[in-house]
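K.L.:
Predicted coordinates and the sequence they were generated for:
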Amino acid sequence: MFKRKYHSRLCGGDGDFRNKNHEIPEAIYGCPVTEISNHRCEVFAKNLETLTIPKTIKVIEEISGLEYNQPVVCGDVLKSIIVSPENPYFSSENGALYDKEKTLLIKYPAGRSNSFFELPETVTAIGNFAFNNSTNLEQIDLGSKVEKIGGDTFNGCSSLENIILPDSIVDLGGGCFNNCTSLKSITLSQQITRIEGYTFGNCIALESVSIPKNVSFIDTSGPMPAAGGCYLSAFSGCENLTAITVDKDNEFYTDEDGILYDKNKEKLLHFPCKKSNISYCVPDGVQEISGHAFCNCTNLCEISLPDSLTRISYYAFENCTNLTSLKVPQKTYIAAPAFRGCTSLTSIEVAPENPFHKSIDGVLFGTYNEKLKLDTYPAGKTDKEY
């Protein structure tokens, strides 16, 4: 017997779907409908409010949590998902979609008006994009049994102000709180070991983050200029962040005055961009300033670099709009463009012994095979011609 996939285009997909309530049929032309497939489209139907899933559905694409994709059942106005009680693979409760045993929350309808949501005690995992764009949610109770939270799970929950991640959680997906623009405080699980890229992306209300003792990886890097793509730092866009503190028993990271370093303080990883400092002296012993480490630090007018410094990574001082000058030590290599958006920068001075760079009249050059390469002309220079 033939089996049929139920494609999103049958329900309007990216087009107009006039009926706001839709029930998927159990069969089409006598063939049982067993799978909801979206062929990589991101929406089921843009104006769908209620979706009813029959007992015949066995597969809903991209909900296993193994693939990093948005599930087919989405849409920002969706208010309720109803699953036939006879379906042996999926279930629903209070309009949300689960696997049959309610151990995996697949999708919370973004269009629900509720400001509070409490997960059933049976849930141990939350799928990718499960709460995506649920703009009405202000508080979520995750219970005490959730172990895994997928990628971009709370992306766009713009009314979420605070959340506590229970210590049962061991796996936190990248972009988990991306665009949670009202998030003021968060308590991280003591069991998590990784903080992936964009975990707190654009959390513009977040003022401080505490790193638990078991965290062994924090993505503070961005792409190389040739790689393109979006900037993937865990704290990208946290424009009001004043402090990152680290548990003193953490073996991989530490902080000093709210500034994030590796444990040996050889690498400066992130300087919170809303710190009130107008000047900062990078401690002696630091060998590398990571990519985007001082990104958007608009209060800083002066930064002093130690003789121990060997590398300034890509975009390290991006958008430091009040930084006026910088002295580069003799051992330091600069990965351009380190000074993009430094609109007040008038001079970059390089130590004469530096084998990688030299400065002429405050302009930064690279030295390659005894030739000069123009790296950075300071954007704040007032010369009429050059």
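P.N.:
Perfect, I can see it now. Residues are numbered from 1 along each chain as shown.

K.L.:
so Ile149 bridges to which residues?
P.N.:
Beta bridges link Ile149 to Ile126, Leu172 when assigned by DSSP bridges.

K.L.:
Can you check the pLDDT for it?
P.N.:
Ile149 carries a pLDDT value of 96.

K.L.:
I'd assumed Val170 was in contact with it.
P.N.:
No - using Cβ atoms under 8 Å, Ile149 makes no contact with Val170, being 9.7 Å away. For the C-beta atoms, the positions are set from N, CA and C on the backbone; glycine is no exception.

K.L.:
more neighbours, these two?
P.N.:
Using other Cβ atoms under 10 Å, the more surrounded residue of Ile149 and Val170 is Ile149, with 27 against 16.

K.L.:
Now do the contacts for that one.
P.N.:
By Cβ atoms under 8 Å, 6 or more residues apart in numbering, Ile149 lies in contact with 125-126, 165, 169, 171-173, 176.

K.L.:
The residue nearest to Gly143 when sequence neighbours are not counted: what's it in contact with?
P.N.:
Residue nearest to Gly143 in three dimensions, not counting chain neighbours: Leu119, with 5.0 Å by Cβ to Cβ, 6 or more residues apart in numbering. Applying Cβ under 8 Å, 6+ apart to Leu119 gives the contacts 105, 126, 140-143, 146.

K.L.:
With distance to Asn114 as extra columns, can I get the residues you listed in JSON lines?
P.N.:
Shown next, in JSON lines, are the contacts of Leu119 (distance: Cβ to Cβ, whole Å):
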{"residue": "Leu105", "distance to Asn114": "15"}
{"residue": "Ile126", "distance to Asn114": "17"}
{"residue": "Ile140", "distance to Asn114": "10"}
{"residue": "Asp141", "distance to Asn114": "12"}
{"residue": "Leu142", "distance to Asn114": "15"}
{"residue": "Gly143", "distance to Asn114": "17"}
{"residue": "Val146", "distance to Asn114": "19"}
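
K.L.:
Name only those of those residues that count as buried.
P.N.:
105, 126, 140, 142, 146 (16 or more other Cβ atoms under 10 Å).

K.L.:
quick one: the residue most central in space within the chain from Ser290, how far?
P.N.:
Nearest to the mean C-alpha position of the chain, by Cα atoms, centre = their mean, lies Tyr198 at 1.5 Å. Here the criterion is Cβ to Cβ, to the nearest Å. By it, Tyr198 lies 16 Å from Ser290.

K.L.:
now Ser359
P.N.:
23 Å.

K.L.:
Those two: who's more crowded?
P.N.:
In terms of neighbours (other Cβ under 10 Å), Ser290 is the more surrounded of Ser359 and Ser290; the figures are 24 against 21.

K.L.:
If I look at that one, what pLDDT would I see?
P.N.:
95.

K.L.:
Hmm, it is touching Leu269, no?
P.N.:
Yes - at 5.0 Å, Ser290 counts as touching Leu269 under the criterion of Cβ under 8 Å.

K.L.:
could you point out which element follows the helix or strand bottoming out on mean pLDDT in the chain?
P.N.:
One helix or strand of the chain scores below all others by mean pLDDT, DSSP states H and E: strand 4-7, with a mean of 54. Where DSSP states H and E defines the elements, the next helix or strand beyond strand 4-7 is strand 21-23.

K.L.:
which other helices and strands contact that following strand?
P.N.:
Using 3 or more Cβ pairs under 8 Å, 6 or more residues apart in numbering; DSSP states H and E, the elements in contact with strand 21-23 are strand 50-53.

K.L.:
Report the strands that pair with whichever helix or strand comes after the strand it packs on, each with its relative direction.
P.N.:
Downstream of strand 50-53, the next assigned helix or strand under DSSP H and E is strand 59-60. Partners of strand 59-60 in the sheet, by DSSP bridges, are strand 31-37 (parallel).
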